[in-house]
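*Asks:* Sequence first, predicted model second:
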Amino acid sequence: MPSLPPISGLPSLDAEQRAEVLDTLFEPCQQLHTLSVSLLREKTFSSYDELIGAVGSQLKELYESDLESDTRWLDSILSAHPRLGEKKVDSEQSRKEQAQLNQGGPEEAQKLAEMNRKYEETFPGLRYVVFVNGRSRPVIMEDMQRRINRGDGKQEKQDAIQVRIISYSTCS
């Protein structure tokens, strides 16, 4: 993971540098920049875990909002995560996770691509997100199938927010 500046210096960084911090902690996403770049200037944090929790709170506020525009904004942020098994990935953290998943054969890769398609048909605007660390492709695909069968879009959004908060705070 690229190095992060000292947490105490975030408010003095320019907007582009604060966006780069967000891109290091999360997936690069213009909507997340719009939502959170000013937070990194306006508030001081004692740790990156605290910052990640604050961004998580912003995402939860969007989730709890009744405004359609907030729902679309949240969906844009949540869909910034790459599909599992995707070859081109923007963030270092996702590259590491994807490398772990891309160790199977072509049949498994095809099955994963099909499951991604089914997931996205079941939950339009979302991508399947899970904490990959140390979990095998078959275990992850079993979880994906369970969540497709569950068919609960609201729960998927909650899970996606939670995964971002937990997985990125454990990697910072």
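*Replies:* Received, thanks.

*Asks:* Quick check: which helices or strands does the helix or strand that Y119 is a member of pack against?
*Replies:* If you go by DSSP states H and E, Y119 is part of helix 106-122. If you count contacts as 3 or more C-beta pairs under 8 Å, 6 or more residues apart in numbering; DSSP states H and E, helix 106-122 packs onto helix 137-150. The C-beta positions use only the backbone N, C-alpha and C, and glycine is treated the same way.

*Asks:* can you list contacts of the helix holding Y119?
*Replies:* Residues from elsewhere that reach helix 106-122 (C-beta atoms under 8 Å, 6 or more residues apart in numbering): 83-85, 101-102, 104, 126-128, 137-138, 141, 144-145, 147-148, 151.

*Asks:* Can you say which of those residues are buried?
*Replies:* Neighbour counting by 16 or more other C-beta atoms under 10 Å classes 83-85, 101, 126-128, 137, 141, 144, 147-148 among these as buried.

*Asks:* ok, now how distant is R18 from G85?
*Replies:* 31 Å (C-beta to C-beta, to the nearest Å).

*Asks:* Can you give me the neighbour number for I7?
*Replies:* 18 (other C-beta atoms under 10 Å).

*Asks:* Check A80 too.
*Replies:* Neighbours around A80, by other C-beta under 10 Å: 19.

*Asks:* Show me where this structure dips below the pLDDT cut-off.
*Replies:* Counting by pLDDT under 70, the ranges of the chain that qualify are 1-2, 86-104, 131-134, 166-172.

*Asks:* one more time with 80, if that's ok
*Replies:* 1-2, 81-82, 84-106, 108-109, 130-137, 164-172 (pLDDT under 80).

*Asks:* residue boundaries of the helices in it?
*Replies:* 15-25, 30-42, 48-64, 68-78, 92-101, 106-122, 137-150, 153-171 (DSSP state H).

*Asks:* Would you reformat those as a markdown table and include distance to L4?
*Replies:* Formatted as a markdown table, the helices of the chain follow (distance: least, C-beta to C-beta, whole Å):
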| stretch | distance to L4 |
| --- | --- |
| helix 15-25 | 6 |
| helix 30-42 | 11 |
| helix 48-64 | 6 |
| helix 68-78 | 20 |
| helix 92-101 | 12 |
| helix 106-122 | 30 |
| helix 137-150 | 28 |
| helix 153-171 | 11 |
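
*Asks:* Which one, of those helices, ends up nearest to I7?
*Replies:* Of all those, helix 48-64 sits nearest to I7, with 5.9 Å by C-beta to C-beta.

*Asks:* helices and strands around that closest one, which ones?
*Replies:* Partner elements for helix 48-64 (3+ C-beta pairs under 8 Å, 6+ apart): helix 15-25, helix 30-42, helix 68-78, helix 153-171.
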